[in-house]
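# just the structure for this:
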Amino acid sequence: MMVLASGMVTALGYNAPSTLAALRAGVSAVQATRWVDTQDGQPIRGARVSLPHWWEGTGKLAELVAPAIHECLQALPADAHARVPLLLGVSSAARPGRPADLDARLLGEVHLRLERAPHPVSRLFAGDQIGCMQALLLAEQLLATGQADHVVVAGVDSFLSAGTLEAYEQRRRLLTAANFNGFLPGEAGCAVLLARRGAAAPDALHIAGWGLAREAATIEDTQPLRARGLTAAIKQALGVAGVGMGDVAWRITDLSGEHYKFKEALLAAMRLDRSTRDGALPLWHPIEFLGEIGAAVLPCLLAWTRHAHLAGYAPGLRALCHIGSDDGGRAALVLQAAPPAGAPST
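Numbering: from 1, shown residues only. So this is what the prediction gives:
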């Protein structure tokens with residue numbers, strides 16, 4: 001598969017060019033929010049999208065992601081939009097503060113804003129960060145079998161609601177003045193337009209390999225973390241792409257500020273990277289600037305990787321992308337600016 005276009009609505013910008021330019025420059029959208037940490041009375045810091053008016057719920061999620069999807073579709077003729085399935089990653093059913101009507105209403109709300117009827121194959125993937133990876137696998141099937149010429153994979157999420165913040169604060173998962181091992185809450189809607197590899201598209205980002213696995217020692221589990229799930233997902237992705245860790249120039253991930261994910265990424269790299277390098281393998285993590293964006297993170301990572309290649313600031317030809325969800329799901333992708341010689345067009 002290859003990524004042809006992207007769309008983004010984030011705390012850094014209302015479209016992909018503005019968001020990606022800010023990420024490149026290292027601009028942070030994190031600031032004090034209107035919510036207060038009950039332990040020390042200080043405002044909780046996070047990255048909020050400045051919408052025309054503030055509210056919570058399914059309608060807000062639709063407002064975040066519909067413009068990103070529309071931005072993606074501008075890469076295609078207008079008469080082709082109705083033939084593009086929408087595969088949308090969202091928070092899992094276990095997420096505290098999740099809108100009760102999200103599964104029933106979100107797709108309809110999004111298509112209402114896009115002013116088009118839903119494609120018969122369009123659906124939600126309720127899997128937090130891994131949801132969009134599951135959507136990518138279905139997109140690959142749709143493209144490979146000719147059921148679609150293009151597919152939009154999008155993700156939308158928000159941690160900025162009272163119920164969500166209260167639950168994560170009680171679990172000591174938020175980064176606050178009283179807790180240095182936590183994440184900064186954020187929100188975003190991000191989308192990418194996918195096509196089958198082989199078409200003439202010099203500005204495309206190619207997904208050369210991917211892998212999925214599960215980690216038994218999750219972030220809220222008491223088992224010792226050995227990063228077996230992430231290691232397995234990366235090995236699978238590298239194997240599909242036919243490359244090794246020594247061929248990877250940089251990593252782009254969903255590291256959020258919690259020590260768990262940094263330790264996991266370090267353990268996986270130590271197990272797999274036996275190459276000799278001049279320096280450390282670069283590690284990019286946009287959540288540092290956008291806050292935790294959950295289900296929207298994978299399209300964000302794909303968009304940033306493509307932009308880095310197009311604008312000439314990528315550390316090298318090939319990137320390793322990896323993500324993980326709280327329930328133990330792990331995914332990895334090998335991303336590159338051009339397919340390797342002799343690779344099949346899938």
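# W304 contacts H285, doesn't it?
No. Look at W304 against H285 with CB atoms under 8 Å: they stay out of range, at 10.2 Å. For the C-beta atoms, the positions are set from N, CA and C on the backbone; glycine is no exception.
# more neighbours, these two?
More crowded of W304 and H285, by other CB atoms under 10 Å: W304, with 25 against 19.
# if you tally nearby residues, what's the number for K235?
18.
# please report how far it lies from R330.
To R330, K235 is 11 Å away according to CB to CB, to the nearest Å.
# A227 now?
9 Å.
# list residues touching both of the two?
Residues touching both A227 and R330 (CB atoms under 8 Å, 6 or more residues apart in numbering) are E215.
# quick one, which of these two is more surrounded?
Of the pair A227 and R330, R330 is the one with more neighbours under other CB under 10 Å, namely 27 against 24.
# mind listing the strands for the stretch 201-346 of the chain?
205-214, 250-253, 283-284, 318-324, 329-336 (DSSP state E, counting those that start in this stretch).
# for the stretch 51-200 of the chain, same thing?
86-90, 123-126, 150-158, 187-195.
# now render the ones you listed as TSV, adding mean neighbour count.
Formatted as TSV, the strands of the stretch 51-200 of the chain follow (neighbours: other CB atoms under 10 Å):
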stretch	mean neighbour count
strand 86-90	27
strand 123-126	18
strand 150-158	29
strand 187-195	30
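# quick one: closest of those to L112.
strand 86-90 (12.7 Å; CB to CB).
# may I have the strands that pair with that closest one, each with its orientation?
strand 123-126 (parallel), strand 150-158 (parallel) (DSSP bridges).
# these: which one's closest to L86?
Across those, closest to L86 is strand 150-158 (CB to CB), at 5.1 Å.
# by how many degrees do the closest one and strand 187-195 diverge?
Angle of strand 150-158 versus strand 187-195, following axes from the mean of the first three to the mean of the last three CA atoms, to 10 degrees, is 170 degrees.
# how far is strand 150-158 from where the chain is centred?
9 Å (CA atoms, centre = their mean, to the nearest Å).
# stretch 218-225 too?
That offset, for stretch 218-225, works out to 23 Å (CA atoms, centre = their mean).
# stretch 268-286 too?
Worked out by CA atoms, centre = their mean, stretch 268-286 lies 21 Å from the chain centre.
# for it, give the mean pLDDT please.
The predicted model assigns stretch 268-286 a mean pLDDT of 87.
# between the two ends of that stretch, how far is it?
20 Å (CA to CA, to the nearest Å).
# who are the contact partners of G294?
Neighbour list for G294: 91, 95, 128-129, 155, 157, 159 [criterion: CB under 8 Å, 6+ apart].
# returning to what we had before: now tabulate the strands paired with strand 86-90 in a markdown table and tack on mean pLDDT and distance to A117.
Below are those laid out as a markdown table (pLDDT from 0 to 100; distance: least, CB to CB, whole Å):
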| stretch | mean pLDDT | distance to A117 |
| --- | --- | --- |
| strand 123-126 | 98 | 14 |
| strand 150-158 | 98 | 15 |
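# reformat those strands as a markdown table; add distance to L267.
Converted to a markdown table, the strands paired with strand 86-90 look like this (distance: least, CB to CB, whole Å):
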| stretch | distance to L267 |
| --- | --- |
| strand 123-126 | 28 |
| strand 150-158 | 26 |
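# nearest to E215, out of the ones you listed?
It's strand 123-126; of the strands paired with strand 86-90, that one is closest to E215 (CB to CB) at 19.0 Å.
# what does that closest one rub up against?
Residues outside strand 123-126 that contact it (CB under 8 Å, 6+ apart): 87-93, 102-103, 106-107, 131-132, 134-135.
# restricted to helices, list those.
Among these, DSSP state H puts 102-103, 106-107, 131-132, 134-135 in helices.
# drop anything exposed from the residues you listed.
For those, a neighbour count by 16 or more other CB atoms under 10 Å gives the buried set as 102, 106-107, 131-132, 134-135.
# closest to V334 among those?
Closest to V334 out of these is C132 (16.4 Å), distances taken as CB to CB.
# and the closest one, what does it touch?
87, 89, 125, 153-155, 295-299.
# low-scoring stretches of the stretch 101-250 of the chain, by residue?
199-200 (pLDDT under 70).
# just the endpoints, please. Distance across stretch 206-222?
One end of stretch 206-222 sits 38 Å from the other (CA to CA).
# now stretch 124-135
End-to-end for stretch 124-135, by CA to CA: 8 Å.
# now that stretch, how far from the centre of its chain.
Taking CA atoms, centre = their mean, the mean C-alpha location of stretch 124-135 is offset from the chain mean by 9 Å.
# same thing with stretch 155-169?
17 Å.
# end to end, how far does that stretch reach?
24 Å.
# buried ones in that stretch?
155-161, 164-165, 168-169.
# likewise stretch 105-116?
Buried-residue list, stretch 105-116, by 16+ other CB under 10 Å: 105-107, 109-111, 113-114.
# what distance do you get for A331 to L73?
The gap separating A331 from L73 is 25 Å, by CB to CB.
# ok, now M8?
According to CB to CB, M8 and L73 sit 14 Å apart.
# looking at those two, which is more packed in?
Neighbours around M8 and L73, counted as other CB under 10 Å, are more numerous at M8. The numbers are 31 against 23.
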